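Peer 1: Just need the structure, nothing else, for what follows:
(2 chains)
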Amino acid sequence: SQTIHQWPATLVQPVGSPLSLECTVEGTSNPNLYWYRQAAGRGLQLLFYSVGIGQISSEVPQNLSASRPQDRQFILSSKKLLLSDSGFYLCAWSAVAGVWGEQFFGPGTRLTVL
Amino acid sequence: SQQGEEDPQALSIQEGENATMNCSYKTSINNLQWYRQNSGRGLVHLILIRSNEREKHSGRLRVTLDTSKKSSSLLITASRAADTASYFCATQNTPLVFGKGTRLSVIA
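Peer 2: Predicted coordinates:
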């Protein structure tokens, strides 16, 4: 069966520090991968999605970046965090390339920038 | 990209009552999906309805889709306290875009 992992589960970082959040998927090949951010009491904002290794689409211009160094690994990074980067970050995958079907979400990372 | 908008933003009901949430969207879609999120957790897929379907059932869930009105509804029958969560619709074009959700509270 497929599983998706995210770490860390929680993170407290000072403004201006770097960020690296990691997401890995097991039990499937060539998944579509997604990063979302959810601010407190708000909906999900799609940040990045990837249909293959090295292929990243950005939905919202910001100080974040994403990389997909391996088929089932998706990394969210920042060189310098802002206060506004605080939120709940969710990684997700879907199995159907080209037809954007059911997504499976990881447990999330709670990021607090102080 | 387009966004589904859920209505109401918050809903509080007694256990055993039915809960109805609505979703509206702006452009044509291939399918529409409903997800559930427990507090502080990831989202869980509930049901997918295709653009050529009008109604779909899954257990206590009933979803309708009216493409002429660009709207969908999620009905949870005989609600339970464990149904307390946020519910999101996601319109499928390329890629999924989620609304802000309806926060459902079921009081025992």
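Peer 1: so where's chain B uncertain?
Peer 2: Along chain B, the model assigns pLDDT under 70 to residues B:1-3, B:93-95.
Peer 1: repeat for chain A
Peer 2: In chain A (pLDDT under 70), the answer is A:61, A:96-100.
Peer 1: For residue B:29, grab the count of nearby residues.
Peer 2: 22 (other Cβ atoms under 10 Å in any protein chain shown). Where you see a C-beta, it was placed from the backbone N, CA and C, and this is true even at glycine.
Peer 1: where's the closest residue to it other than its chain neighbours, which helix or strand?
Peer 2: The shortest distance from residue B:29 to any residue other than its chain neighbours is 4.9 Å, reached at residue B:91 (Cβ to Cβ, 6 or more residues apart in numbering or on different chains). Using DSSP states H and E, residue B:91 maps to strand B:85-92.
Peer 1: Contact residues of chain B facing chain A?
Peer 2: B:1, B:30-31, B:33, B:35, B:40-45, B:48, B:88, B:90, B:92-101 (Cβ under 8 Å from any Cβ of the partner chain).
Peer 1: tell me the secondary structure for the residue nearest to residue B:82 when sequence neighbours are not counted?
Peer 2: Nearest non-adjacent residue to residue B:82, counting by Cβ to Cβ, 6+ apart: residue B:106, 7.8 Å away. Look at residue B:106: counting by DSSP: H, G, I helix; E, B strand; the rest coil, its state is strand.
Peer 1: Is residue B:106 in contact with residue B:13, as I believe?
Peer 2: Yes. Counting by Cβ atoms under 8 Å, residue B:106 does reach residue B:13; the two are 5.9 Å apart.
Peer 1: What is the burial count for residue 15?
Peer 2: As the question left the chain open, I've gone with chain A. Counted with other Cβ under 10 Å, the neighbours of residue A:15 add up to 12.
Peer 1: right idea, wrong chain: chain B
Peer 2: Count around residue B:15 with other Cβ under 10 Å applied: 14.
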